[in-house]
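Asker: 3D model of this:
(one chain, ligands or ions: 1)
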Amino acid sequence: MLQSVQGSTSARFIPPYPEGRPGPYQNFIWLRTLMQVPNIVRNPLEAFAKFQFDIPVSRYKLFHMPFALVNDPELIRHVFVENAHLLKAEPIRQKVLKPVLRDGMLTAEGETWRRARKTIAPIFSPRHVNGFAKAMRRATETFMDEIAAGPKQLTIAPMMSRLAYIVLSETLFSGDINEDGEQILKDVAQFLEHLSAADPFDLMGAPDWLPRLTKLRGHGATSRLRDIVRQTAEKRLTRIDAGEDVPEDFLTLLLRAGDHEKDRLTIEEIEDNIITFIAAGHETTARAMTWMLYLLSHDHDARERAEAEADALDMDGIAPEKWGAQMPWITACFEETMRLFPPAAVILRTLTGDIDFGEYQIPKGTNIYVSQWVLHRHTTLWEDAAEFKPERFLGENRKSIGRFEYLPFGMGPRVCIGASFAMQEAQIILAVMLRRFRFDYSAAKKPWPVMKITIQPDNDMPMRITGRPGVAM
Ligand code: HEM
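Answerer: Have a look, this model is predicted:
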């Protein structure tokens, strides 16, 4: 249903975005799709056609493989929730991710996935996630001290990735890693780069023995990261077995997870899942925070309101689990940012059975997907879809958004396990940053959104930072 945004003021900031290729529906034939392959490799956001933002379902073939892009919220529910048992991981996505993430939760299937999800889900319960709030605040404040001492002209995108990784690694290992921090950060960046692009050979279904030149660089970084994670886990396990006091972080929770001995995760399962948390859990949050600072730097009313909220938040006086509720505007800005620039912009599966739902008959074997990029800008669902309007996510406006119309964290049994962790992390990081600094976009050219696993700016988002009144730089 088209959301009408109550309490919204006139024309608002429209951040840059590819509008969708022109051309009528009937011209959307195989050859045209084929011509999109360079776009799909370079920037999938530019491969969507304009009409796909207007219609409930679009279907096409790519290298003889049938695809269905679904934007009808009822059909999304029917396929991805009620018939989730008819979905399996799409082969190209697996080919790209599985060699790196192995049996981590994002790429595992069947019993391996079920066992990991069931055992790990309690670790992401509100009680545990709230327990990480102080560590998140501490890590952000230390990072902000470093920022204050450094240059005031920065590229925010790598800075936010670094901060989100430091925060995640504090909650994962409580600083228990001995290796050189700078080297790890480089390895993490290279590991994500290694993950990010589909190799053209994979898209074309080329045989596995053909070397993927785009993939060669990241192997060293990935295996170094895996070694560090495994050794840290083994050392911690030895300490637990010896009855020593250990930090209550993710690692300890993972090592202790499971009600019975047979449910305990092996070191390999823990390694795969920590690597998966690093892959799925820091760049996503970092990208959304980067885009939010960009959007706020162009909407000064929204920025002043967010800064005032951050200033008023008494982090020492109220319990960490109540911080989020004191930040409705910052939260709304973050949610609106994830509408416009969803960090994870595609949920892709292959159908293992036929779907027959009202007017839709979609056969087994179809690659069926939701693109949050398209869904969140769909003309039948969002009024002024291209405009930054955080008030969509406040009060009654928020309630009018259907469950399957806004899906930054996905849906169904494979919904993001880290959603509340990510929301809490973003709220804390943004509150700490906004009370301390003001961020102004500083390049003449606008940033262009490019999808490489996450949606990122093409120019690393240059910004000038200034201290907020009363804050020493
Ligand atoms: C703003 C930040 C984040 C966004 C937008 C996001 C988005 C998503 C989405 C859309 C999915 C579903 C993918 C699919 O069905 O194909 C997903 C799955 C997942 N996410 Fe997140 N995520 C975020 C943060 C995190 C964090 C912080 C963690 C962990 C620390 C995490 C761990 C995972 C895992 C393990 C899965 C796989 C779940 C499964 O298949 O059972 N994510 N995420």
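Asker: with adjacent residues omitted, what lies nearest to the closest residue to the ligand within the stretch 351-473 of the chain?
Answerer: Proximity to the ligand, evaluated over the stretch 351-473 of the chain using C-beta to the nearest ligand atom, is greatest for residue 418 at 2.3 Å. Every residue, glycine included, has its C-beta placed from N, CA and C. Spatial nearest neighbour of residue 418, excluding adjacent residues (C-beta to C-beta, 6 or more residues apart in numbering): residue 281 at 5.1 Å.
Asker: who touches the one you found in this structure?
Answerer: By C-beta atoms under 8 Å, 6 or more residues apart in numbering, the residues touching residue 281 are 168, 418, 421-422.
Asker: ok, now residue 261?
Answerer: Residue 261 makes contact with no residue under the criterion C-beta under 8 Å, 6+ apart.
Asker: related to what we said a few turns ago, mind putting the contacts of residue 281 into TSV with pLDDT?
Answerer: Converted to TSV, these look like this (pLDDT from 0 to 100):
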residue	pLDDT
168	93
418	97
421	97
422	98
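Asker: which of those lies closest to residue 293?
Answerer: Relative to residue 293, the closest of the contacts of residue 281 is residue 422; by C-beta to C-beta it sits at 16.5 Å.
Asker: could you pull out the buried residues of the one helix or strand the closest one maps to?
Answerer: Here residue 422, judged by DSSP states H and E, is contained in helix 419-436. The neighbour-count check on helix 419-436 (16 or more other C-beta atoms under 10 Å) flags 420-436 as buried.
Asker: for it, name the packing helices and strands.
Answerer: Applying 3 or more C-beta pairs under 8 Å, 6 or more residues apart in numbering; DSSP states H and E, we find helix 419-436 packed against helix 126-131, helix 133-149, helix 156-173, helix 283-298, helix 300-312, helix 328-340.
Asker: for these, which one ends up most surrounded?
Answerer: helix 283-298 (a mean of 26; mean count of other C-beta atoms under 10 Å).
Asker: only alpha carbons, please: show that helix as CSV.
Answerer: What follows is helix 283-298, C-alpha atoms only, in CSV (Å, rounded to 0.1, in the frame of the first residue of the first chain):
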residue,chain,number,x,y,z
GLU,A,283,30.6,-3.4,6.5
THR,A,284,26.8,-3.5,6.3
THR,A,285,26.4,-1.4,9.4
ALA,A,286,29.3,0.8,8.4
ARG,A,287,27.8,1.6,4.9
ALA,A,288,24.4,2.6,6.3
MET,A,289,26.1,4.9,8.9
THR,A,290,28.2,6.5,6.1
TRP,A,291,25.2,7.2,3.9
MET,A,292,23.3,8.6,6.9
LEU,A,293,26.1,11.1,7.6
TYR,A,294,25.9,12.1,4.0
LEU,A,295,22.2,12.5,4.0
LEU,A,296,22.3,14.5,7.3
SER,A,297,25.0,16.8,5.8
HIS,A,298,22.4,17.8,3.2
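Asker: what about the residue nearest to residue 134 when sequence neighbours are not counted, distance to residue 402?
Answerer: Computed as C-beta to C-beta, 6+ apart, the closest residue to residue 134 that is not its neighbour in sequence is residue 320, at 5.9 Å. Residue 320 sits 31 Å away from residue 402, taking C-beta to C-beta, to the nearest Å as the criterion.
Asker: could you do residue 256 as well?
Answerer: 39 Å.
Asker: check residue 121 too.
Answerer: Distance from residue 121 to residue 402, by C-beta to C-beta: 25 Å.
Asker: pull the longest helix from the protein.
Answerer: helix 219-241 (DSSP state H).
Asker: for the helix or strand immediately after that helix in the chain, packing partners?
Answerer: For helix 219-241, the following helix or strand on the C-terminal side (DSSP H and E) is helix 250-256. Applying 3+ C-beta pairs under 8 Å, 6+ apart, one finds that helix 250-256 makes contact with helix 156-173, helix 219-241, helix 267-281.
Asker: can you add distance to the ligand and give those helices back as CSV?
Answerer: Formatted as CSV, the helices and strands packed on helix 250-256 follow (distance: least, C-beta to the nearest ligand atom, whole Å):
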stretch, distance to the ligand
helix 156-173, 6
helix 219-241, 14
helix 267-281, 3
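Asker: save those helices as CSV, and put in distance to residue 186 too.
Answerer: Putting those into CSV (distance: least, C-beta to C-beta, whole Å) gives the following:
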stretch, distance to residue 186
helix 156-173, 10
helix 219-241, 7
helix 267-281, 14
